[in-house]
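Novice: 3D, please:
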Amino acid sequence: MLDGSPHNHAPRSIRVPRRRFLATAGTAVGVVVLGFPLRLRAQAPTFKIGVIHPVTGPLAEPGQACRLGAQMAAEAINAAGGIKAMGGAKLELILGDTQTKPDVGRTEAERVINQGAQMLMGSFDSGSTAAMVPVAQQRRVPFIVDIAAADPITANVAKAVKDGQQKVQYVYRNFPTGSTFGRKAVQYFGEIFKEANVAPKRVVLMYCNDLFGQNSAKGFQAAHAAAKPGWEIVEVIPWPEPPQDLSTEVSRAKAAKPDIIAPIPRPASAQLLLPEIRKQRIEMMGVVSPGGPGLYESGQLAVLKQDLEYVMASVPWANFKNPRTVKVGEEFQKRSGGKTFDTNSGYSYDGMTLIGDVLERAKSADPDAIVAAIKATNWNGGLMQYAGPVVFNEIGDNGNAIPTMIQVLGQKPVAVWPKDAALQKLVFPRPKV
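Specialist: Residues are numbered from 1 along each chain as shown. Now for the predicted structure:
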């Protein structure tokens, strides 16, 4: 018997007549080719992407959401056959961590490129992203900025190319800029006040004094000056990020007798700011943010609880009226331990999917071919709220990347404005306790 037992002897050799052997040779060769282990077949090519986010440090929660969103999108592309125009190339992610430190962002960009990354994506905070830009330019590695708002990130590169200091722009951003945040926030403020039939007059702007906060505050003030709405910015109060205490800053805000406090925070500062506003019992209509993290993440909701209730924020948000977004959101929730598919996970998911579209059109791993494909982008496949297709302008920004006004209602962030994006009616002014 030949049952595979180690005690069996090897079978005696069997003579096969020559004519019979030749008749079956073709079949035998076919069996060898198709039946041999897969390692003997040609391996599918890979395309390596350096994905760098702050997965540790003060911005770890949004950074981890970014990483998971990017991974899920890459998995979906690979499961659908990879980059078909490049022989079914599979996306391979080389992961990096800025640790929420700009200098680390630069060294991580160098590291992943040295490990073979042919494109970069990242990195959430503007400081780290700005530090990665010179590396991308010097090494000729196309860089899709999935999240980071400071205008100079792309504007400085575009100017250097225009002035002839650099030949090619390798850095492009699919995320609203600080000036876009400011313009849309001023617009949404006016529309929301009109919808609620109220007329606030006094707004206090408070912001984290890092690159993101400075740029966003500047954009908000510039948009306010251009629009000349019926409300004033009566006080502008920065704080160092991360702060140790915000009682002095909140006292200044209270003394200004605001109708609205408009904060631009980070997660760490939001955890100090909102409880301090409650403690100092500021009489106002509500907290309405021109934009910033720390006002919608699951971890923030768990810590701040009722201090976040009714808070509104103008932030990029997922389009949950799209069935694909709902499906991806459900999968993200399972894989993240119950967290919401939001600004961070959503824009990183879209960033990776956009890279897939770019590579299909580039049909090549050549960096200049990839840049040409990026410039020619006209993409409607995103899961986030956009004002139109993803199209990159002369600065390298997607002008159709816009925020949505969300509000925390029943301890859940939900889109409330504009009306075509809203899933719930806004509550403003906030009810008095």
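Novice: was I right about D146 contacting Y347?
Specialist: Yes. D146 is within contact range of Y347, at 5.1 Å (criterion: C-beta atoms under 8 Å). Any C-beta I mention is one placed from the backbone N, CA and C, and that applies to glycine too.
Novice: okay, and the common contacts of those two?
Specialist: Common contact partners of D146 and Y347 (C-beta atoms under 8 Å, 6 or more residues apart in numbering): C66, N174, F175.
Novice: What is the neighbour count of the last one?
Specialist: The local packing count at F175 equals 26, with neighbours defined by other C-beta atoms under 10 Å.
Novice: What strand or helix carries it?
Specialist: Taking DSSP states H and E as the definition, F175 sits outside all helices and strands.
Novice: distance of it from N378?
Specialist: Per C-beta to C-beta, to the nearest Å, F175 is found 18 Å from N378.
Novice: Equivalent analysis for the second one, please.
Specialist: According to C-beta to C-beta, N174 and N378 sit 13 Å apart.
Novice: the more surrounded of these two?
Specialist: Set N174 next to N378 and count neighbours by other C-beta under 10 Å: N174 wins out with 27 against 10.
Novice: Find the nearest non-adjacent residue to the more buried one, please.
Specialist: Nearest residue to N174, sequence neighbours excluded (C-beta to C-beta, 6 or more residues apart in numbering): N398, at 4.8 Å.
Novice: can you give me the strands for the stretch 151-300 of the chain?
Specialist: Here the stretch 151-300 of the chain has its strands, by DSSP state E, counting those that start in this stretch, at 171-173, 202-208, 232-239, 260-264, 286-289.
Novice: and the nearest residue to K425 once chain neighbours are set aside, what are its phi and psi?
Specialist: Among residues not flanking K425 along the chain, V416 sits closest, at 6.8 Å (C-beta to C-beta, 6+ apart). As for V416, its main-chain torsions (degrees, to the nearest 10) stand at phi -130, psi -10.
Novice: so how far is stretch 397-404 from its chain's centroid?
Specialist: Computed by C-alpha atoms, centre = their mean, to the nearest Å, the chain-centroid distance of stretch 397-404 equals 12 Å.
Novice: er, stretch 84-94 actually
Specialist: 21 Å.
Novice: next one: stretch 140-155
Specialist: Computed by C-alpha atoms, centre = their mean, the chain-centroid distance of stretch 140-155 equals 12 Å.
Novice: got it, and stretch 200-214?
Specialist: Distance of stretch 200-214 from the chain centroid (C-alpha atoms, centre = their mean) equals 22 Å.
Novice: And it, what's buried?
Specialist: Across stretch 200-214, burial judged by 16 or more other C-beta atoms under 10 Å covers 200, 202-214.
Novice: any idea of the mean pLDDT in it?
Specialist: For stretch 200-214, mean pLDDT is 95.
Novice: Using PDB, write out every CA atom in that stretch.
Specialist: Output in PDB follows, covering the C-alpha atoms of stretch 200-214 (Å, rounded to 0.1, in the frame of the first residue of the first chain):
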ATOM      1  CA  PRO A 200     -24.700  86.800  17.000                       C
ATOM      2  CA  LYS A 201     -22.400  89.900  17.000                       C
ATOM      3  CA  ARG A 202     -19.300  89.000  19.000                       C
ATOM      4  CA  VAL A 203     -17.000  86.200  18.100                       C
ATOM      5  CA  VAL A 204     -13.800  85.300  19.900                       C
ATOM      6  CA  LEU A 205     -11.200  83.400  17.900                       C
ATOM      7  CA  MET A 206      -8.900  81.000  19.900                       C
ATOM      8  CA  TYR A 207      -6.300  78.900  18.300                       C
ATOM      9  CA  CYS A 208      -3.300  76.600  18.900                       C
ATOM     10  CA  ASN A 209      -0.100  78.500  18.000                       C
ATOM     11  CA  ASP A 210       1.500  75.900  15.700                       C
ATOM     12  CA  LEU A 211       1.800  76.000  11.900                       C
ATOM     13  CA  PHE A 212      -1.700  74.500  11.400                       C
ATOM     14  CA  GLY A 213      -3.300  76.800  13.900                       C
ATOM     15  CA  GLN A 214      -1.500  80.000  12.700                       C
END
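Novice: give me every residue that touches the residue lying closest to G178 once chain neighbours are set aside.
Specialist: Residue nearest to G178 in three dimensions, not counting chain neighbours: N215, with 3.7 Å by C-beta to C-beta, 6+ apart. With contact taken as C-beta under 8 Å, 6+ apart, N215 is in contact with S126, A149, A150, D151, P152, G178.
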